[in-house]
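S.K.: Using only what follows, build the 3D model:
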Amino acid sequence: MVETIISENWGRLVYLGLLLIAVGGYFLLEIRRRPGRTLQQAAIWGLIFLGTLAAVGLWSDIQRQVTIPEQAVVSNGRIEVPQAPDGHYYLTADVNGTPTRFVVDTGASQVVLTQQAAERAGIATQGLAYIGQARTANGIVATAPVRIRSFDLGPIHDSGLRAVVNRGAMDTSLLGMTYLTRFAKVEFSRGMLILER
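M.R.: Predicted coordinates for the structure are as follows:
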């Protein structure tokens, strides 16, 4: 067994040595004929090689950041949500029949829709009265009160839900306390958010 491993490694070493001699020999011949162009091409191939190594090495991290876990409806009235790699909990709810992504935010007092989410849900944002204010990490932003005709989260249906549309720039809508307090149980346990009606 040990002899087989040694012979396999020796064969690979010989192969890599021959490959290095072939590539190195070609490089030396080319650098004598056209030194400027050869060095430029070598630098380009070196950068491509390093970029490929970096992408392969970071692929698992990139996947974790891009992929957001889906919510899991376990039973009627109970939803379990896995924690995303960024530490947040994301839910997709149907707002007026339109799938809308939310981040669960216990620091937000209300359900907050982005301008884009409100427009996709059929809310005319241009005609809203932005008379409210909300304090955010980016400062104070204007908000407009709205009522969501229908709000469906898995098997759970609500109608006439109060919300606000944020006039400022936001990446994701927020699911705040006015919605979370409708649940009998809101629990954070071992990287899971559990909601029960």
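S.K.: List the contacts of the biggest strand by length in the chain.
M.R.: Ranked by number of residues, the top strand in the chain under DSSP state E is strand 139-153. Applying C-beta atoms under 8 Å, 6 or more residues apart in numbering, the contact partners of strand 139-153 are 79, 91, 93-97, 111-113, 118, 121, 123, 125, 128-134, 157-168, 179. Backbone N, C-alpha and C define where each C-beta goes, glycine included.
S.K.: How is the chain partitioned into domains?
M.R.: The chain breaks down by automatic domain parsing into domains covering 2-66, 72-196.
S.K.: on that earlier part again, strand partners (parallel or antiparallel) of the longest strand of the chain?
M.R.: strand 90-95 (antiparallel), strand 132-136 (antiparallel), strand 156-166 (antiparallel) (DSSP bridges).
S.K.: what's the next secondary structure element after the first one?
M.R.: Per DSSP states H and E, strand 90-95 leads on to strand 98-104 as the next helix or strand towards the C-terminus.
S.K.: what are the pairing partners of that next one, and which direction each?
M.R.: Checking strand 98-104 against DSSP bridges gives partners strand 90-95 (antiparallel), strand 173-175 (parallel).
S.K.: CA atoms only: put it into PDB for me.
M.R.: The C-alpha trace of strand 98-104 is given here as PDB (Å, rounded to 0.1, in the frame of the first residue of the first chain):
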ATOM      1  CA  THR A  98     -47.100  40.000  -4.800                       C
ATOM      2  CA  PRO A  99     -44.100  38.100  -3.200                       C
ATOM      3  CA  THR A 100     -42.100  40.600  -1.200                       C
ATOM      4  CA  ARG A 101     -38.900  39.900   0.700                       C
ATOM      5  CA  PHE A 102     -38.700  41.100   4.300                       C
ATOM      6  CA  VAL A 103     -36.000  41.200   7.000                       C
ATOM      7  CA  VAL A 104     -37.400  40.500  10.500                       C
END
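S.K.: sorry, back to before: now, of the strands paired with strand 98-104, which is deepest in the fold?
M.R.: strand 173-175 (a mean of 25; mean count of other C-beta atoms under 10 Å).
S.K.: Report pLDDT for Q65.
M.R.: With respect to pLDDT, Q65 scores 47.
S.K.: that older thread, most tightly surrounded among the domains of the chain?
M.R.: Of these, domain 72-196 is the most buried (mean count of other C-beta under 10 Å), at a mean of 16.
S.K.: how far does that one sit from the chain's center?
M.R.: 17 Å (C-alpha atoms, centre = their mean, to the nearest Å).
S.K.: average pLDDT for stretch 132-149?
M.R.: 86.
S.K.: Excluding chain neighbours, what is closest to A144?
M.R.: With C-beta to C-beta, 6 or more residues apart in numbering as the criterion, A144 has its nearest non-adjacent residue at 3.6 Å, and that residue is L128.
S.K.: now G57: how far from G51?
M.R.: 11 Å (C-beta to C-beta, to the nearest Å).
S.K.: helices and strands of this structure: which one bottoms out on pLDDT?
M.R.: One helix or strand of the chain scores below all others by mean pLDDT, DSSP states H and E: strand 72-75, with a mean of 61.
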